[in-house]
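Enquirer: Next come a sequence and a model predicted from it.
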Amino acid sequence: MSSFIVSARQRAERVVTRLDWFAPLLSRITLGVLFMSTGWGKVHNLAKVAAFFAELHIPAPALQATFVSYVELIGGALILLGLFARFASLPLIGSMAVAILTAKADEVHGLPDLFGLVEWTYLALLVWVALAGPGRASLDHLLFRRHAPSSDSDSSLQEARQ
């Protein structure tokens, strides 16, 4: 019975390994579409966003509203495409942190409240993109994988084949 379990586990791992490109892609699509749409809405309503930022006592609200709007629009597009996704996630992480510290601060009374915020979920996904990268189904992978230095194991495999 244990050999059956081990065999089933190995088969399942092979299947899941073949699909490991899907989770980063799904996360990037979710984040990209979300931030592009919120950025688009903010870019077309800058006065309203600036007024909201002023209510939150964010310094230079008009400048910050413009900055955040374009960060969301352009950063969302880059994350969606997986192009410079690690870099694009950084200002969005900052934006979500500021949103939590300003607009959502009154709602947070402990970790369960913080972890229940959708802004926290976005922040966590953005940190994952920043640290793990956009995955294999991305323009970053397509454009830059050939230029990345080979690891020692890759070099030794290539030497063994020759």
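Expert: All right, it came through fine. Keep in mind it's a predicted model, so treat the numbers as computed, not measured.
Enquirer: Model confidence at residue 84, what's the number?
Expert: Residue 84 is assigned a pLDDT of 97 by the prediction.
Enquirer: tally of neighbours for it?
Expert: Counted with other C-beta atoms under 10 Å, the neighbours of residue 84 add up to 17. No exception for glycine: its C-beta is placed from N, CA and C like everyone else's.
Enquirer: OK, contacts around it?
Expert: 78, 140 (C-beta atoms under 8 Å, 6 or more residues apart in numbering).
Enquirer: Could you pull up the residues touching the spatially most central residue of the chain?
Expert: By C-alpha atoms, centre = their mean, the chain has its centre lying nearest to residue 126, at 3.1 Å. With contact set as C-beta under 8 Å, 6+ apart, residue 126 has these partners: 31, 89, 92, 93, 96.
Enquirer: Could you double-check that residue 40 lies in contact with residue 73?
Expert: Yes - contact criterion C-beta atoms under 8 Å: residue 40 and residue 73 qualify, at 5.7 Å.
Enquirer: Pick out whichever of the two has more residues nearby.
Expert: residue 73 (20 against 15).
Enquirer: Contacts made by the helix or strand residue 30 falls within with the rest, please.
Expert: Using DSSP states H and E, residue 30 sits within helix 22-43. For helix 22-43, contacts defined as C-beta under 8 Å, 6+ apart pick out 49, 65, 68-82, 85, 92, 122, 125-126, 128-129, 132-138.
Enquirer: Relative to residue 7, which of the contacts of residue 126 is nearest.
Expert: residue 31 (37.3 Å; C-beta to C-beta).
Enquirer: Just the pLDDT at that closest one, thanks.
Expert: For residue 31, the predicted pLDDT is 98.
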